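Q: Pasting a predicted model and its sequence here:
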Amino acid sequence: MAGKAKEDRAPLGVQLLRGQKALVTGASSGIGKATAIALGRAGADVVVNYVSGADQAAQVVERIEAFGVSAYAHEADVSDEDQVVAMVARAVREFGTLDIMVANAGLQRDAAVTDMSLAQWQKVIDVNLTGQFLCAREAAKEFLRRGVVPEVSRAAGKIICMSSVHQVIPWAGHVNYASSKGGVGMLMQTLAQELAPHRVRVNAIAPGAIRTPINRAAWETPQAEADLLKLIPYGRVGDPEDIADAVVAMASDLFDYVVGTTLYVDGGMTLFPGFATGG
């Protein structure tokens, strides 16, 4: 993939999501940005949600519109119920409906447990877990209202929760983050169980180490990257586009029989490589 922007690499398929309407939270940078662009490339109209970085969100909208589809940016804090309700209502108003919800927005507030304040704990839970609940709830209302439109998709709607390898790998010094992602795993499965009879597919994607601003310290120097690679059997740090490609596939009818599953996109990090030579 060297030599050209990862965002410009060839798509997985031709217009896999043509005519569908998507909303991506936290889409002004990192994984959310790559995902919003990939969905647009695949033929979907896209709402680019952001809580800060209006200029960056506008640039993402421009990238998406270059594919000949529609997009707009919407500022909203996913942990605020009223803002999420208004965001989804606008998407339905602007696009006529909604087919795909990618609940991606997330953050970290790291500290040792003895130093972690209640505010640090609560902020991460509010955004990473409650925010996904609110987005999924509002999307599900529209999916159930509209039902299946066979010429658009075999499903009535798709909810993709952005989780993390720390859904299953404990992470000392990040108890709020790991707890939020563990909660996302059970949130996703329970939603999937409840909504599957209505032909709504709910799944999660769990990234491993990805080159994003949130974890720059873990890969930006040669020594930091070398230390990180000890945890990744596949031998490279992931790119946001690795996650974006997985989202496009999971949102498409190629994955129509995949329900209630977490797809780990992690280069093998969840294989616990430290046990490869001992244990």
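A: Ah, there it is. Numbering: from 1, shown residues only.

Q: Kindly export the helix or strand of the chain with the lowest mean pLDDT (C-alpha atoms) in PDB.
A: Least confident element among the helices and strands of the chain, by mean pLDDT, DSSP states H and E: helix 222-229 (a mean of 88). Coordinates of each C-alpha in helix 222-229 appear next as PDB, following Å, rounded to 0.1, in the frame of the first residue of the first chain:
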ATOM      1  CA  PRO A 222      10.600   3.600  15.700                       C
ATOM      2  CA  GLN A 223      11.100   2.300  19.300                       C
ATOM      3  CA  ALA A 224       7.400   2.700  20.200                       C
ATOM      4  CA  GLU A 225       6.400   0.900  17.000                       C
ATOM      5  CA  ALA A 226       8.900  -1.900  17.600                       C
ATOM      6  CA  ASP A 227       7.400  -2.500  21.000                       C
ATOM      7  CA  LEU A 228       3.900  -2.400  19.700                       C
ATOM      8  CA  LEU A 229       4.700  -4.900  16.900                       C
END
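
Q: Tell me the gap between it and the middle of its chain.
A: Distance of helix 222-229 from its chain centroid, counting by CA atoms, centre = their mean, to the nearest Å, is 25 Å.

Q: For the very next helix or strand once past that helix, name the packing helices and strands.
A: Per DSSP states H and E, the first helix or strand lying C-terminal to helix 222-229 is helix 240-251. Applying 3 or more CB pairs under 8 Å, 6 or more residues apart in numbering; DSSP states H and E, we find helix 240-251 packed against helix 30-41, strand 100-103, strand 157-162, strand 200-207, strand 262-265. To be clear about C-beta, it is placed using only N, CA and C from the backbone, and glycine gets the same treatment.

Q: Quick one: closest of these to His74.
A: Nearest of the helices and strands packed on helix 240-251 to His74, taken as CB to CB: helix 30-41 at 11.5 Å.

Q: Partner strands of whatever helix or strand comes next after the closest one, with direction?
A: The C-terminal neighbour of helix 30-41 among helices and strands, as given by DSSP H and E, is strand 45-50. Here strand 45-50 is paired, per DSSP bridges, with strand 21-24 (parallel), strand 71-75 (parallel).
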